[in-house]
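Trainee: the sequence and its predicted three-dimensional model are supplied below.
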Amino acid sequence: MPAHYDGGVRPAAVTARGWGWRHAGRSRPAVNALDLDIRPGERVLLLGPSGAGKSTLLHALAGVLGDGTSGNSAAGDGGLADSDDADETGSLLIAGEPPRARRGRAGLMQQDPETQVVLSRLGDDVAFGAENLSVPRDEIWTRVHEALDDVGLAHLPLDHATSALSGGQKQRLALAGILAMRPGLILLDEPTANLDPAGVLEVRDAVGRCLDKTGATLVVVEHRVAVWKDLVDRIVVLQPGSGTQPAVLIDGTPDQVLEQAREMLIAAGVWVPGYVPAARQRTLAGTSAEVTGQLLLAAEGLAVSRERPRRRGFRSVPPVPVQRDITAQVRAGEALTITGPNGAGKSTFALTLAGLIPPVDGKVSATVELSRGAGIDPYKWRAEQLIARIGTVFQEPEHQFVTGRVLDELQFGPRHMGHGEERVDELLERLRLTGLVDANPYTLSGGEKRRLSVATVLAAHPQVLILDEPTFGQDANTWAELASFLSELLDAGTAVVSVTHDQEFTHVLGGTEFRLAPRGLGQPGTAQPGTAQPGTGGHALGAPEQAPT
Amino acid sequence: MRDALSLSGNQALLTRANPLAKFAAVFLITLVLALSIDWMSASVALACELLLFPLAGLTFTLLWQRGWPLIVAAAVGGWSTSILSPDSGKVLLDVGIWSMSEGSLQLGLGFLLRGLAIALPAVLLMSCTDPTDLADSLAQKGRLPHRFVLGTLAAMRLVGLMAEEWQTIGMARRARGVGSRGNPWQRLRATLGQSFGLLVQAIRRATRLAVTMEARGFGGATRTWARESTYSRLDIWVLLGGAVIAAGAVVAAVWAGTWNMVWLEGS
Amino acid sequence: MTTATIKKTGYNWRVADIVVAALIAVAGGVIFWAWSQGANLISAPVNAVYPPLSGLYAGGWMIPAVLGMLIVRKPGAALFCEAVAATGELIMGSQYGTTVLISGILQGLGAELVFAAFMYKKFNLPASLLAGAGAGLFCGLNDSFAPWGWNIAYAAGDKLAYIVFCAISGAVIAGVLSWIATRGLARTGVLSSFASRKAATEPVFS
């Protein structure tokens, strides 16, 4: 319908009156009795513990809750509606209309950059929303160019492959796609949670510029307050609603709310500016001093790549390494932190060290203390030999789930090795998983999944622990727990290798920082090992600014 | 893997033709070749197709790199036809269940060539057709429902990502002690587990992508198109070319007396 | 009452149904492609010895039809998924050329007809088995009797053997595996916004 077509931005107001939503198949509502007024052009940061219904509210405002056929009408069916269907109460309006009534009034950006891109060509992707709103063809291209300019991607050709963009660029592209719809309300659901520090600022600044230009209303959900604090003019803290208490806990200007609710926000795991979660410091006078410093694993002249050799007909061509000539050593009781810009091959290096990717050139060799008769090359070890020596925690915990129950998940490794099940209870206790033993691993919260994935790998008792971005997307509580736990492990003589952008985390673990140079164009990158400088880790703004949480 | 789905700078003439016209031409050749198993019609079509490769921006090296599994498959198909089709003429080989005669060998050879002549134009078609253009053409010219066409196109964009994730999940599971090496049974079990992990991620991603699309107003009954899919004079030539190859193959086979309708087989 | 039930079941495809069905079809293609890489070493000699045995392997291609339907539960899902999977195969480079689309559509139709016969109300183990067998049957018929079929020139007995092997393979690989996978997926919670969210607790036979 051409009626959708709307030439300019009119900042939209949001009005909620006793609004609530229960998802299909759930017994409790995700949001209950919400009363909220947002004026046109206002910029609001939504905070609150997980389970407070922040994402549900954003989805509702974006008009994507329910399915349009059973959502609202299910409530209208009265007695016939199954208790299992989704259920809406009260009213939620954007500029006086239900969100579903007019698509394109609100634009939504979510967390995972990969799913914020719809089409494979840059220009098409920006045009997608405008096309769906039946904007005339000439007008679409005008909007596409303008939007790309606004988000700083105008230098790329319109047929540029969207898969070739970085995470930060993908999110900016998504913003352009939203802007091309000319929405009066922009909704951001943890837009920078999956980005490295450079990407975070890139996206935040692009959002700021676009808001200044269009005057659109903003509602953003994000744990990292420091990133958004100066951009918003109001913070609303939600709590899990119930019949007796309102859904809005605190509402006010950023300074006011951060002062009033500081303790409560910290308890909820929010990254409050200026607050560094207390993590256990390393006791350098460890009890197991005799093992500390012993060489376990060494990389010599290592060249790494994730790609397998390519087949050209019957010939096999080795891949081009992302990084070469790496020499590094992993020692018992010592931390090694791998840092460097995106695309420098940090994870690839770590996974090669972990015996999961074969080296393109050079070698990874285990000393006798680590190999215990399994041979020098970790890549050649059998899986059950590997897990007892080198444990690897992947960035996405779900990739490592192999059973349907938390307890089975923990017992899986020890069972395969034939020993070590007695440690499972201790790990359950230590990582606060005792109450979840019968749950399906996939149904846990983000923090619980992270703790479980660390516990499952440790259940096999490895001497070397390798972690890929362990603090990524974690709230402040999980962060502190993880940092403390790892510092304990280090003191007990485990070697910890971590890939991270998180300087505060690096600081807590201490040890050596291994910085990979950016991947050069034409010439191979070189590795420059250096020592972590305790105290240089961005204390000024607190961990949140530095730590991808 | 990701590159396999884009034309990566292919500027050849046929990339500018409308995908539906190209598809119609290829389909016409395929159907005509399917009617008969004989070496003559297949060889003529095959020769013409090879001549067209430069127009699609394909080189023979590239074809060999991408296409050698197809040649192996066609050879296996020819072999099984030779040993399993009813015998006629002099028997050349007879070992247990295997038997091959002059007639069945000729049939098998024809089958091999026909298999190649049917597989090649599809490779040619896809090497000069961008999936985005194909979708535009299917929804605008082919009148297929745009919600399904664009939903599929968006999902296909995630394929490269899935292939990378498959590798990552494989490594992540080895780090949990699941061996992907070992006897076929162990490998099968490992593959099934890995597939399940991939499916979970695929469904999560697809659900989020659907939310993104809906939030951009997708799902309504009507929409406009930023780029119009059009037919041009080139498309007439493409269709004509398809018809000429198809007709040439039939005429040559009838003239050589090898035309051999499949349904009359074995009678 | 009846109208209310139909409305609740929701025969309309939502955007999420379309995208998830399409991705299942495509991911199914990727998985099977990866699988066949490893299995080629075993299957190639088997095919060379007695080619109809390759039918036992065919069920893998029909997983998208059954799995897609079991998850989104909308009319046309089996047909749609199998057609998309075939398109994916065409793009990756298929030995069957463009005829892969016809065989995809026919296999999807085989599964679709079974679910339609149950009025799109049964998604239990027997329905999955029958749908897999239906897809296999249509696959076997297409390969043996359509002019573009690869087994068109086989003797009649070999054709029959191939069709039977295909149907068995469809029932076991596509039917059983898809049914098990759907229950497992429902337990992980990823199906919470789909009609199949309760698949893990549904009765097996009724």
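Mentor: Ah, there it is.

Trainee: domain ranges for the chain, per the record?
Mentor: All of this refers to chain A. Following automatic domain parsing, one gets these domains for chain A: A:15-267, A:293-307+A:318-389+A:462-534, A:406-461.

Trainee: not quite, I wanted chain B
Mentor: Taken from automatic domain parsing, chain B resolves into B:2-132+B:231-264, B:142-215.

Trainee: now the shortest one: mean pLDDT?
Mentor: The reference is to domain B:142-215. For domain B:142-215, the mean pLDDT works out to 89.

Trainee: what of the longest one?
Mentor: This predicted structure assigns domain B:2-132+B:231-264 an average pLDDT of 84.

Trainee: quick one: it to chain centroid distance?
Mentor: 11 Å (Cα atoms, centre = their mean, to the nearest Å).

Trainee: what of the last one?
Mentor: Using Cα atoms, centre = their mean, the mean C-alpha position of domain B:142-215 is found 21 Å from that of the whole chain.

Trainee: wait, does that domain make contact with chain C?
Mentor: Yes. Among the residues of domain B:142-215, B:147-148, B:151-152, B:154-156, B:158-159, B:162-163, B:166, B:184, B:187, B:191-192, B:195-196, B:198-200, B:202-207, B:209-211, B:213-214 lie within reach of chain C under Cβ under 8 Å from any Cβ of the partner chain. In short, each C-beta sits where N, CA and C put it, glycine included.

Trainee: what's the first-to-last distance across that domain?
Mentor: 27 Å (Cα to Cα, to the nearest Å).

Trainee: picking that back up, same list, the domains of chain A, but as a markdown table with mean neighbour count please.
Mentor: Listed next are the domains of chain A as a markdown table, based on neighbours: other Cβ atoms under 10 Å in any protein chain shown:
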| stretch | mean neighbour count |
| --- | --- |
| domain A:15-267 | 20 |
| domain A:293-307+A:318-389+A:462-534 | 20 |
| domain A:406-461 | 19 |
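
Trainee: okay if I get these as TSV plus distance to residue B:98 and mean pLDDT?
Mentor: As requested, those are exported to TSV (distance: least, Cβ to Cβ, whole Å; pLDDT from 0 to 100):
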stretch	distance to residue B:98	mean pLDDT
domain A:15-267	48	88
domain A:293-307+A:318-389+A:462-534	41	86
domain A:406-461	45	90
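
Trainee: looking at those domains, spot the one closest to residue C:119.
Mentor: For the domains of chain A, the distance to residue C:119 is smallest for domain A:15-267, at 18.8 Å, taking Cβ to Cβ.

Trainee: for the stretch 151-267 of chain B, what spans make up the helices?
Mentor: For the stretch 151-267 of chain B, helices defined by DSSP state H, counting those that start in this stretch occupy the ranges B:159-174, B:184-215, B:233-256.

Trainee: what residue in the stretch 401-549 of chain A comes nearest to chain B?
Mentor: Distances between the stretch 401-549 of chain A and chain B by Cβ to the nearest Cβ are smallest at residue A:416, namely 4.5 Å.

Trainee: and the nearest residue to that residue once chain neighbours are set aside, how far from chain C?
Mentor: Of all residues not flanking residue A:416 in the chain, residue B:177 sits nearest, at 4.5 Å (Cβ to Cβ, 6 or more residues apart in numbering or on different chains). Distance, residue B:177 to chain C, by Cβ to the nearest Cβ, to the nearest Å: 20 Å.

Trainee: determine which of the domains of chain B approaches residue A:497 most closely.
Mentor: Short answer: domain B:142-215, nearest of those by Cβ to Cβ, at 13.1 Å.

Trainee: dump the domains of chain A to a markdown table, plus distance to residue C:104.
Mentor: Listed next are those as a markdown table, based on distance: least, Cβ to Cβ, whole Å:
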| stretch | distance to residue C:104 |
| --- | --- |
| domain A:15-267 | 23 |
| domain A:293-307+A:318-389+A:462-534 | 31 |
| domain A:406-461 | 31 |
